[in-house]
Every structure is written in structure tokens, then in C-alpha cells.
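> structure for this input, please:
(2 chains)
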There are 2 protein chains.
Amino acid sequence: MATMQMVSDAYQARQTVLAASKNPFAQGVAWVEGKLAPLHEARIPLLDQGLMHSDLTYDVPSVWDGRFFRLDDHITRLEASCVKLRLKLPLPHEEVKSILVDMVAKSGIRDAFVEIIVTRGLKGVRGTDPKSIINSLYMFIQPYVWVMEPEMQPTGGSAIIARTVRRTPPGSMDPTIKSLQWGDLVRGLHEASDRGAMYPFLTVSDTNLTEGSGFNIILVKDNILYTPSRGVLEGITRKSVIDAAQINGYEIRVALVPDGMVGPVTKKIWDTYWAMHYDEAFSFEISYEGKEARL
Amino acid sequence: MATMQMVSDAYQARQTVLAASKNPFAQGVAWVEGKLAPLHEARIPLLDQGLMHSDLTYDVPSVWDGRFFRLDDHITRLEASCVKLRLKLPLPHEEVKSILVDMVAKSGIRDAFVEIIVTRGLKGVRGTDPKSIINSLYMFIQPYVWVMEPEMQPTGGSAIIARTVRRTPPGSMDPTIKSLQWGDLVRGLHEASDRGAMYPFLTVSDTNLTEGSGFNIILVKDNILYTPSRGVLEGITRKSVIDAAQINGYEIRVALVPDGMVGPVTKKIWDTYWAMHYDEAFSFEISYEGKEARL
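All right, here's what the predicted structure looks like:
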């Protein structure tokens, strides 16, 4: 069974290798209009409706230690989000998958944050014949992004329940569609910072707890796990934590208890979560051999 | 006093001149990182937080018949929106103004839609030292964009009160900050289209009417004008309509009466609104002489 320290040490060793890489894509690679470019040089049309009206959806799979984690789950959710927004994933599921695997292999990145964005395209919905709208696809990978830095994970971070902002309610934005309309979440981040904390937890108009700035919330009390059932994204990481809880025989319920620290149950779930990254049922290995890009 | 037909005819004549223009910026020009480019070729960094989290605000002044309309009002509101979002307009007010005037003159466009966007920049708020965040500015102008085509204005369009989506409430998004997080408005546009109408009017959770997809709502009943006072953008066009109503001696109130057609009061307001575009109190003339771009 993986443990926090082992996972963290092995990751740091891979980071050292990556830092020394001369691969031009080692700090990230983007796929735009069928072409690959170093991530920080990639550009998109100013008129894309993704910028013009945040008219898009996206998903964020990850690669851990050279293995893609739950990639099919992410692409399947992305397709479902597209349907809800009347968008169409511009490439077939399997093609998106093979391009992403190829990008990771070319970059040589062993631990990657992967983002797939589908936007309305260059024409907005207002006053436009839907048939003339062609959706756009942008993809990129970059070294793994932590919502909480590894050094902080053994002890946990500090969060506040935001009181100056509420989560956008489902009647305005369907929370099951992964959205980059982060106005409420950014307000929450500012409030957290003002109050000396790192993370905001947002409530919705019915006062129920929803989610934080880019993460679902799962609470543990008396060995039982609690997570909001509605008004939230059906997160793949949330799903993995539920799977990890079930593997360990813990009960999961819905509740509103919003405070705590890292305890033994969290640690057990954490270990199982990372072990799943080496389990063929949840991840598959990427072949990097002979594929890395060169200057 | 201007009238709909005269305004429309003169505009069509200018459109014919523009359509024949060989100016490389005649279909639009963008300002990105200090450089001008034809609008449809302009590109921005994929990693800009404007796309990544719609973390931005913007404003849309206009040029009518070679005159900038209420430009200072728009830039002042943009600065106020920036403060509310903890952004900073990257250039001084007067410099933004002179760049825009220069862009319009170079393009030769006499009737222009002008957009100024301020984004968080290349770094997101989460986990970033605020001091290391440098905001980005993007500006563009293009031929005038109509929310309702001129031919349709004498008779009006069709609108529905959306019932499948509600406007994002002020507790989640401050409606006085001009936002491109259009998720709710795009849902409304889809519902309008499904129901055979052109425009959605959105209500907020308290059931009050708010605004449509990119426009404020002003209703007329028994010679009195009504417009929602809260939960809405303090629109500059709304302000102009209020000014035009006052010039004509009409009373303005707040109300919820959401149906109607183009009547005599609307026509009078419309005439005054367009006459204001030639009034030095609200607009100033742009000098195009010797400034137009050439291939």
C-alpha cells in the first residue's frame, strides 16, 4: 500500500529528472488546431467564444508516474458536458485519447495535469444559425498541478466557509457541467486570503455546502464520510475517493459538517487513492520509449 | 431630431463605403501586447486567465458616424469593475482612450463596436502571490454589432421570459461588474430559440426581472418607463435611455411588466438616443484624415 511519504519521495525524484530535461515540451505542450507547441507559446484566436463568453466546457485528467488515470471517465464526462451545452467534442473519444497519450509521451512528463477544452468556436450563439457554428478544441498537458502542495498534505491546509459569496445555484449554472466561470470561486479565494486561510468552501442559496475553488468537499466524522450530493460537480476525484472508501469498507453519506483536520480515515483513503493510480482498473501505462521530443 | 429611417439609411450608405474599403483593418483591428493586427488574425496566450477561469472584466463603447459615444463613461465603469475584481487597468485612462481613437481612425470604420478586456493575466489567483500577478489588456474594434438588426427595430423582436434558467444572483456574481460569464444567458438564448423567440429575459431567484442576453430591459406602460433597479448591470445604454427619457419629460420607475411592442414612447426615446450620438455632451468626433491603414 502506498503511503504519503513514499508517494511524495518518488514524485520528488521524478521532478528532479524533469527539471534537468532538455525536451522542449518538458514544461508543457499544447495542441491547438492540430499543431503542437510549447505550452507557454501556444495562442488561440482572440475571438474564440471561450474567451468572449466563457462558452465552453473542459475536463482535467491526470498522469501519475507515467500512467494515465481514469482517462476514459474524464473523456466520457466531457462528452456528457458537451451534450448539456449543445456542444460536440470535435474529435472522436478514441482520437482525443491517442493524441493525449502521444503528447504526454513526447513531453516526457511523468506526472501531468492534462486539460481538454471544448469551446463554442468563433461564432457566438446570439443571432447565429446553429448549423454554422463549429466548435473548437484545445488540449494541453503540463507538470502536475497540486491544489494542495505535497509538503502540506500530511497536516492539511486551512479553509473558511465563505460568507461574502455564494456558489452560483444550479438554476443559473448546471454544476454537473465542468465550467471555467470562476467568478464566485475567485471571490471565495480572495475572501479566504483576507481571512488568513488558503481555501474557501462555498455554500449555495439553500445554505448547503457545495464545493471549493476547484475541488469537491468530503468530510469525515466518526469514521463516516460525508459529501454533498447536489449543487456540485460529479468529480472524478470525488468518485475515486468514494471508490477508495468502499475498498476500505467505510460508509459514505451526505452532510454539512464543515470543519476538521487530517485524521486516520483521510490517511487511509489517501493511500488507497494513490494505490489506484497503479491499478489497471483505473489507469494505464504510457510508453515514452523513442517518442520524446528533441530540440 | 433623428428618426429611425434617416438613421438607418445613412448607416446603410456608410456600410456600402466600408464594404468597398481596401483598408486591412476594415473588418476589425485588435490591440494585443501593444501591437495592432487584423481582428480575425489576432491571438492571445492559451494560458490567459481570461480563458482559463473567465477571470476578467470588459466594456463595450461604440463609435457612431465617426464619433465616439460616452467613451469616458465606459472607461470609468471599466476602472470601477477592475477595482471590484482586484484588477488594475494596465494603462492609464487617457492612454486607453488615445489608443482606441487611433485604432478607429486607422481602420476607417465609421460605426464601430469597441471592446476593452482586462484579464487577471497569465497567473491565476489560487496559490499565487498577488504581487506577482500582472493583468493583461486586450482591445479590439469591429464594424457595429446590433443586438437587434436595424430592419427589425421599427417593429421590434420577440422575447420570452426564461423558465428553464435564472440569472446568476448578486450573491454569486456582482451584476454591476460587466462579465463574460454568460452560462445563464446562453442557456436563455437556447430556450428562446426553442420557443420560437429571439431574446430571453431572465428573472433572478426572487422572481424579479433582471436583464437579457447582453442588454438591460426597459418597459413602457401608460407613458411611464420602468427598469429593474437591482440585480442588473448599470448599463451605459440604459443610462442613455434614462437621459433620453428625462430630456423628453418622461417618468422612470421600477417594475416587473414584461411584455409589449414598439410604441410611440419607445420611438421618441429611440430618436433622442440617436440624436445624443451627435451631441458634444455625449460624444466626440474622430479625425480619420491621413490615418487610415494601407496594405
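> residues in contact with the spatially most central residue of chain A?
Centroid-nearest residue in chain A: residue A:60, 3.9 Å away (criterion: Cα atoms, centre = their mean). Counting by Cβ atoms under 8 Å, 6 or more residues apart in numbering or on different chains, residue A:60 touches A:74, A:113, A:114, A:115, A:116, A:178. Any C-beta I mention is one placed from the backbone N, CA and C, and that applies to glycine too.
> give me the nearest residue to residue A:31, chain neighbours excluded.
Among residues not flanking residue A:31 along the chain, residue A:139 sits closest, at 4.2 Å (Cβ to Cβ, 6 or more residues apart in numbering or on different chains).
> now the helices: where do they sit in the stretch 101-250 of chain A?
Secondary structure of the stretch 101-250 of chain A (DSSP state H, counting those that start in this stretch): helices located at A:183-194, A:236-247.
> ok, so of the contacts of residue A:60, who is nearest chain B?
residue A:115 (8.7 Å; Cβ to the nearest Cβ).
> how many other residues sit next to that closest one?
Burial of residue A:115 is recorded as 20 neighbouring residues (other Cβ atoms under 10 Å in any protein chain shown).
> which parts of the stretch 51-200 of chain A sit against chain B?
Contacts of the stretch 51-200 of chain A with chain B, taken as Cβ under 8 Å from any Cβ of the partner chain, map to A:51-55, A:85-86, A:117, A:125-127, A:130, A:138, A:140, A:147, A:165-169, A:171-173, A:179-186, A:189-190, A:193.
> give the buried subset of those residues as a PyMOL selection command.
Command for PyMOL, covering only those of these found buried under the criterion 16 or more other Cβ atoms under 10 Å in any protein chain shown:
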select buried, chain A and resi 51+52+53+54+55+85+117+125+126+138+140+165+166+167+168+169+171+172+173+179+180+181+182+183+184+185+186+189+190+193
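> just for the stretch 101-250 of chain A, where's the confidence low?
Along the stretch 101-250 of chain A, no part satisfies pLDDT under 70.
> surely residue A:201 is in contact with residue A:217?
Yes - counting by Cβ atoms under 8 Å, residue A:201 does reach residue A:217; the two are 5.9 Å apart.
> for the nearest residue to residue A:14 once chain neighbours are set aside, phi and psi?
Excluding its sequence neighbours, the residue lying closest to residue A:14 (Cβ to Cβ, 6+ apart) is residue A:110, at 4.8 Å. Backbone torsions for residue A:110, taken as degrees, to the nearest 10, come to phi -90, psi -20.
> hmm, back to that, among the residues of the stretch 51-200 of chain A next to chain B, which lie within strands?
A:117, A:138, A:140 (DSSP state E).
> which residues touch the residue nearest to residue A:14?
A:14, A:17, A:18, A:63, A:65, A:66.
> swap in 7 Å and give it another go.
Counting by Cβ atoms under 7 Å, 6 or more residues apart in numbering or on different chains, residue A:110 makes contact with A:14, A:18, A:65, A:66.
> give the bridge partners for residue A:199, please.
Beta bridges link residue A:199 to residue A:159 when assigned by DSSP bridges.
> surely it meets residue A:157?
Yes - contact criterion Cβ atoms under 7 Å: residue A:199 and residue A:157 qualify, at 6.0 Å.
> neighbour count winner among those two?
residue A:199 (22 against 14).
> neighbours of residue A:16, how many?
Using other Cβ under 10 Å: residue A:16 sits among 9 other residues.
> can you give me the buried ones in the strand or helix carrying it?
Take DSSP states H and E as the rule and residue A:16 turns out to sit in helix A:4-19. By 16+ other Cβ under 10 Å, the buried positions in helix A:4-19 come out as A:7, A:11, A:14, A:18.
> tell me the one among those nearest to chain B.
Closest approach between the buried residues of helix A:4-19 and chain B, by Cβ to the nearest Cβ: residue A:11, at 17.5 Å.
> good, we can wrap up now.
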